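Q: Got a predicted structure plus its sequence, pasted below:
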Amino acid sequence: MPHTDDPLPRWACTNCGFWQPYFATPPDCPVCTDYRHPLPRAGWDFVSEGEAAGRFETTWREVLPDVWAFETAPALGIGPLGWILRTEHGNVSWEGAGWTSDAALDQMEALGGVRFLSGSHAHVFGSWWRVAERFEPEVVVQSAALPFAQALAVSWPFGAEAELAPGLRLLWTGGHTAGHSVLHWEARRLVFCGDAFKFRLDADGRATHVSTHKAYDAHIPLSHDDARAYRALFAALDFDGVVTPWEAVPTGGKAAVLSLLDVQLAGHPSADWHEIPGGPLPAPPRL
């Protein structure tokens with residue numbers, strides 16, 4: 001989208017939470033019309049920026065040391081979290097809450113602002129354009145995801161990987177979507193995995209099961225080629241914790257996802273939950 005000081009209005013689909021620029025109420029949502037996501041049974045419903053500001057609030061909390069989660073209440077669409085990573089090279093905003101309020105942007109400012117902005121794929125971009133407008137960070141997006149990033153100005157498209165700073169790398173995975181990517185924070189041994197993996201938590205916040213899909217709602221498994229590519233990439237990374245758009249698994253994450261992928265590759269592709277070997281993984285600490 002050409003740079004302009006007077007951008008088109010932004011509209012959020014209440015079915016999935018995807019924001020798009022459009023001169024009037026959009027005719028449809030490109031995320032919901034993709035086979036991975038169910039269509040809204042009652043028809044399209046979009047909210048404007050002004051309407052969202054009146055209907056939704058944003059809360060925040062520190063989930064892991066220097067890892068802050070921003071959440072929309074009530075949930076907008078599928079309700080992903082937006083993450084702020086406080087690093088020695090500047091803060092990274094990863095994914096996006098469905099709505100990011102002015103108060104949440106002020107909190108990000110208090111945490112040190114935002115130097116880099118990115119996300120794994122369009123399903124969980126949320127209102128990351130609000131962060132971009134406030135802080136004017138480097139906006140880094142995998143090339144195949146560019147058609148879904150029209151709500152903000154992308155300054156850094158990338159192919160296989162992008163090194164934001166030493167020890168902070170974006171890596172293209174494909175699989176779940178064509179442009180799906182993950183963020184590896186080497187110093188903290190964390191991978192922010194997008195929708196490559198999903199964890200089921202018990203009442204105490206411990207991860208008990210893990211799954212991987214081409215499409216979560218449609219329950220379509222990855223192909224063996226996708227699973228093989230995932231395994232090669234994640235096996236080569238030094239990490240222990242895994243953070244999805246909804247859950248944080250601080251330790252044991254690498255062993256859990258590699259076990260899942262080994263099961264995937266050993267038999268028929270499956271979108272079912274895989275019980276984590278050895279029992280539940282520890283919940284995030286209380287900070």
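A: Yep, it's here. Given the structure is predicted, the values throughout are model-derived calculations rather than measurements. Residues are numbered from 1 along each chain as shown.
Q: Quick one: residues in contact with stretch 221-230.
A: Contacts of stretch 221-230 with the rest of the structure, by Cβ atoms under 8 Å, 6 or more residues apart in numbering, involve 173-176, 196, 212-214, 261, 264-265, 269-271. In short, each C-beta sits where N, CA and C put it, glycine included.
Q: how about the helices in the stretch 151-287 of the chain?
A: 224-235, 253-266 (DSSP state H, counting those that start in this stretch).
Q: ranges for the strands of the stretch 51-200 of the chain?
A: 57-64, 67-73, 82-85, 92-94, 116-118, 138-142, 156-158, 161-165, 168-172, 181-185, 190-192, 198-201 (DSSP state E, counting those that start in this stretch).
Q: can I get those strands in TSV with mean pLDDT, distance to residue 280 and mean neighbour count?
A: As requested, the strands of the stretch 51-200 of the chain are exported to TSV (pLDDT from 0 to 100; distance: least, Cβ to Cβ, whole Å; neighbours: other Cβ atoms under 10 Å):
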stretch	mean pLDDT	distance to residue 280	mean neighbour count
strand 57-64	98	18	16
strand 67-73	98	21	22
strand 82-85	98	23	25
strand 92-94	98	25	26
strand 116-118	98	30	26
strand 138-142	98	33	22
strand 156-158	98	36	16
strand 161-165	98	33	16
strand 168-172	98	28	21
strand 181-185	98	23	25
strand 190-192	98	19	26
strand 198-201	98	9	18
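Q: mind putting those in TSV, distance to residue 277 included?
A: TSV is the format used below for the strands of the stretch 51-200 of the chain (distance: least, Cβ to Cβ, whole Å):
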stretch	distance to residue 277
strand 57-64	23
strand 67-73	26
strand 82-85	27
strand 92-94	28
strand 116-118	32
strand 138-142	32
strand 156-158	35
strand 161-165	30
strand 168-172	25
strand 181-185	22
strand 190-192	19
strand 198-201	14
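Q: contacting residues around the nearest residue to residue 144 once chain neighbours are set aside?
A: Using Cβ to Cβ, 6 or more residues apart in numbering and skipping residues adjacent in sequence, the residue nearest residue 144 is residue 179, 3.3 Å away. Shown in contact with residue 179 (Cβ under 8 Å, 6+ apart): 121, 122, 141, 142, 143, 144, 145, 146, 148, 172.
Q: any idea how far residue 179 lies from residue 73?
A: 29 Å (Cβ to Cβ, to the nearest Å).
Q: List the buried residues of stretch 31-46.
A: 31, 32, 36, 37, 44, 46 (16 or more other Cβ atoms under 10 Å).
Q: likewise stretch 271-282?
A: Those would be 271, 274, 276, 280, 281, for stretch 271-282 by 16+ other Cβ under 10 Å.
Q: which of these lies closest to residue 8?
A: Closest approach to residue 8 among these (Cβ to Cβ): residue 271, at 36.9 Å.
Q: Just name the most buried of the helices of the stretch 151-287 of the chain.
A: helix 253-266 (a mean of 19; mean count of other Cβ atoms under 10 Å).
Q: List the contacts of that one.
A: Residues contacting helix 253-266 (Cβ under 8 Å, 6+ apart): 191, 193, 196-197, 199, 207, 210-212, 221-222, 224, 227-228, 230-231, 234-235, 237, 239-242, 249, 270, 274, 276-277, 281.
Q: where does this protein dip in pLDDT?
A: 1-5 (pLDDT under 70).
Q: separation between residue 24 and residue 48?
A: With the distance defined as Cβ to Cβ, residue 24 ends up 10 Å from residue 48.
Q: More neighbours: the two, which one.
A: residue 48 (13 against 9; other Cβ atoms under 10 Å).
Q: Buried residues in stretch 104-118, which are they?
A: 104, 105, 107, 108, 111, 113, 114, 115, 116, 117, 118.
Q: List the residues that contact the residue nearest to residue 220 when sequence neighbours are not counted.
A: Using Cβ to Cβ, 6+ apart and skipping the chain neighbours, the partner closest in space to residue 220 is residue 214 (4.4 Å). By Cβ under 8 Å, 6+ apart, the residues touching residue 214 are 36, 175, 176, 220, 221, 222, 223, 226, 271.
Q: any chance of those in CSV, plus distance to residue 11?
A: Shown next, in CSV, are the contacts of residue 214 (distance: Cβ to Cβ, whole Å):
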residue, distance to residue 11
36, 20
175, 29
176, 24
220, 28
221, 33
222, 32
223, 34
226, 32
271, 31
